[in-house]
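> Sequence first, then the predicted structure:
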Amino acid sequence: MTMSGDSKRLAKIIDFFPKTRILVVGDVMMDHYVWGNVSRISPEAPVPVVNVTRETVLLGAAANVVNNIRALGGEVGICGVIGHDEAGKQLQHLLHAQEIPTDGLIVEPGRSTTIKTRVIAHHQQVVRVDRETREGISRETHRRIFGHVAERAGNGLDAIVISDYCKGVVTKELVRDIVRLARKRGIIVSVDPKVTHFGIYSGVTVLTPNTKEASLGARVEI
């Protein structure tokens, strides 16, 4: 079967991944899935009772981006913030299992590692429980994050991916400092954006919003 022009271009991009050096900066999370069955309604409230059959944990948000780049063969690192908690340790374990370095993960006192727990029964999500800290990072954490970015850039990077989920890591100051550094080094800066932060991405190379985010950000119906 003959490949189309787009297919050839995609194949070329994928083939190039093993030669790329990428750093992902942003909000790291852990996706926790609780699977089960529902056979009755609780007598305490009109809600289903889920009989748990299994649980799974996966890398989420910026950590998932890193995992995907690694799966494509790219040389990738991660830089973000976790809490001094079991979830943070588990997230690091998941990254180590994929041979992804975790020296760019900074433990910030008073912050919890973000966990999204989804309870699923009969292929239907019943409820989602979020455990997170949304406050902006401290000046010290900013200094440590940017220090790691600068060190990685000094050793050679092709691109920096900023993964923004509005959990406090991606700030106007951090984006500004990364953009300045990237321009000096000739590094691409790509942002997976949040609509509420569109105003802080000035100077980046490319934004990758979905259709809804692009429409809201541009205030144009798409």
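That came in fine, so what should we check first? Numbering: from 1, shown residues only.

> Taking the centroid of the protein, which residue is nearest it?
Nearest to the mean C-alpha position of the chain, by C-alpha atoms, centre = their mean, lies A62 at 1.4 Å.

> From V25, how far off is that residue?
7 Å (C-beta to C-beta, to the nearest Å). Backbone N, C-alpha and C define where each C-beta goes, glycine included.

> so where's the protein shaky on pLDDT?
When the per-residue scores of the chain are filtered using pLDDT under 70, the ranges that remain are 1-4.

> Could you name the residue of it that is farthest from its center?
In the chain, counting by C-alpha atoms, centre = their mean, P43 sits farthest out from the average C-alpha position, at 39.2 Å.

> My reading is that it is in a helix; is that accurate?
No - if the criterion is DSSP: H, G, I helix; E, B strand; the rest coil, then P43 is coil and not within a helix.

> What values do phi and psi take at H197?
Backbone dihedrals for H197, given as degrees, to the nearest 10, come out at phi -110, psi 10.

> Without its sequence neighbours, what residue ends up closest to it?
D164 (5.7 Å; C-beta to C-beta, 6 or more residues apart in numbering).

> Mutual contacts of A62 and V25, please.
Counting by C-beta atoms under 8 Å, 6 or more residues apart in numbering, the residues touching both A62 and V25 are 78, 80, 163.

> show me what contacts the last one?
Contacts were defined as C-beta under 8 Å, 6+ apart; by that measure S163 touches 24-27, 61-62, 65, 170, 192.

> could you redo the last one with a cut-off of 6 Å?
Taking C-beta atoms under 6 Å, 6 or more residues apart in numbering, we find S163 in contact with 24, 26, 62, 65, 192.

> Quick check: the last one vs M29, distance?
Just to be clear, that refers to D192. Separation of D192 from M29 (C-beta to C-beta) stands at 13 Å.

> out of these two, which sits in the more crowded spot?
Shown here are D192 and M29; by other C-beta atoms under 10 Å, M29 has more neighbours (27 against 21).
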